[in-house]
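[1] give me a 3D structure for the following:
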Amino acid sequence: MADHLRGGGEAASAEPMPEAIEAHLPPDAAESPRGAHAASSDDGALGVPTFLIDAAEPAPAPEPAPAPEPAPVVEMADVTPVAVDPASYAPVSQMPPQPVVDVRPQVSVPPVAPRPAPQVSAQPGPVRAVTASVSPEAQAADLGYTPHGLYSSLGSEENAPQVNRNLEPTISMRNVTKIYPAQPNKPALEDVSLDIYPGEFVFIVGHSGSGKSTFLRLLTRELKVTSGEILVAGQSLTKMRNWKVPFLRRQIGCVFQDFKLLQDRTTYENVAFSLECIGKPKAVIEVQVPEVLRLVGLEDKMDLFPDQLSGGEQQRVSVARAMVNRPPLLICDEPTGNLDPAISLGIMRLLEAINKNGTTVIMATHDREMVDSMRKRVVALENGHLVRDQERGGYGYYGAL
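    Numbering: from 1, shown residues only. Next comes the predicted model:
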């Protein structure tokens, strides 16, 4: 065997292949040297087992696919044309209509019985007359509407001062016009005329820039009118000399939005300062100051400085200082503008009590709820013009811009 693998010597003689194996081999397998060697293997390692040879069947050879037949060639000369009669076809417009089939689902709706008409009584009920009003708030007042808000307890007619319009007015304005040099073409007030009588409580309302502050400063003679005439307590501010102005202001109490208290003086000293400026004796001061502080509820805080007081307490000191001299006229420039609603209610109760004692109160404000609840006289300004003067009026739509 080694000599055969090395290529030397002669190959072993081949024994004849069994007929069973030879029948299953290709025709040329027995003749090839590899087939002869495989067939002559005596140890069976390279031979095919007998049971595999008996069980194996030759696979059938696939049949070739038939070739497609060529399509017949038709000559145009062999085609016979068919004659068509146009009369056999009807036009579309003359065709019978086709039935339309509704494919939507059919839903049955039960009939609805008509509702009976409401019975209207032939006898009309009582009709309440409504007077014409400028604002919706005034119409509500005419209908008897009473607002229920924070200030609903104010504005009652009980113990209210009776306004006598036959007396001389506390304030009388006739065709008053005020023009600032910086805005010569836009008057701050133009042709304003009204009368305010003793004991009245008047609200001045209007949006910012409408002329409220100018109106109040003209009453204290901080400003002079451009044209027209103003009378306060019977004195003409147009013709008044400057040295008489301090005597006029002794009859006017002022309450400001920013309090304007002396920070280096106590509560007692701030109120007493108003009396000292007009020359009141010390004995009068010692009696009137504790009395007015008790009225505003600050009798136990007379020795405290302004920075030791709350905002509402400082405004009470300002009110006490304005009324300690019992002036016939009290001017308030938004006294509740920097206060919360609860403290504002206390200030308004205080001002209402002062008014019930006969003092004329003029107050500029933006508080809609306050004006609507108290139902006092309302004077509305807009762009320097007097647009409304109403008894027991409401705020209206001013201040919304």
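[2] this structure: strands as residue ranges?
    Counting by DSSP state E, the chain has these strands, from start to end: 171-178, 189-196, 201-205, 227-232, 235-236, 252-255, 329-333, 360-364, 377-382, 385-390.
[3] any chance of those in TSV, plus mean neighbour count, mean pLDDT and distance to R321?
    (C-beta placed from N, C-alpha, C; glycine too.) Shown next, in TSV, are the strands of the chain (neighbours: other C-beta atoms under 10 Å; pLDDT from 0 to 100; distance: least, C-beta to C-beta, whole Å):
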stretch	mean neighbour count	mean pLDDT	distance to R321
strand 171-178	18	95	22
strand 189-196	18	94	23
strand 201-205	23	94	20
strand 227-232	18	94	20
strand 235-236	12	92	23
strand 252-255	22	90	8
strand 329-333	22	92	11
strand 360-364	24	94	16
strand 377-382	22	93	26
strand 385-390	17	92	30
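[4] so R249 makes contact with E222?
    No. Contact status for R249 versus E222: not in contact, 9.6 Å apart, counting by C-beta atoms under 8 Å.
[5] the more surrounded of the two?
    With neighbours defined as other C-beta atoms under 10 Å, R249 and E222 compare such that R249 has more, 17 against 13.
[6] what about E313, distance to S236?
    Counting by C-beta to C-beta, to the nearest Å, the gap from E313 to S236 is 39 Å.
[7] how about TSV for the strands of the chain, with distance to D307 added?
    Compiled in TSV, the strands of the chain are given as follows (distance: least, C-beta to C-beta, whole Å):
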stretch	distance to D307
strand 171-178	36
strand 189-196	37
strand 201-205	31
strand 227-232	35
strand 235-236	38
strand 252-255	20
strand 329-333	23
strand 360-364	27
strand 377-382	36
strand 385-390	41
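[8] where along the protein do the helices fall?
    Taking DSSP state H, the helices of the chain run over residues 2-6, 19-24, 33-39, 50-55, 136-142, 212-219, 245-249, 267-277, 282-295, 311-323, 341-356, 368-374.
[9] with respect to V163, which of these lies nearest?
    Comparing the helices of the chain against V163 with C-beta to C-beta, the closest turns out to be helix 341-356 (10.7 Å).
[10] okay, angle between the closest one and helix 311-323 too, please.
    Computed by axes from the mean of the first three to the mean of the last three C-alpha atoms, to 10 degrees, the angle separating helix 341-356 from helix 311-323 equals 10 degrees.
[11] show me which residues of helix 341-356 are buried.
    By 16 or more other C-beta atoms under 10 Å, the buried positions in helix 341-356 come out as 343-348, 350-352, 354-355.
[12] tell me the one of these nearest L293?
    Comparing those against L293 with C-beta to C-beta picks out L350 as the nearest, at 12.0 Å.
[13] that's all I had, so thanks and see you.
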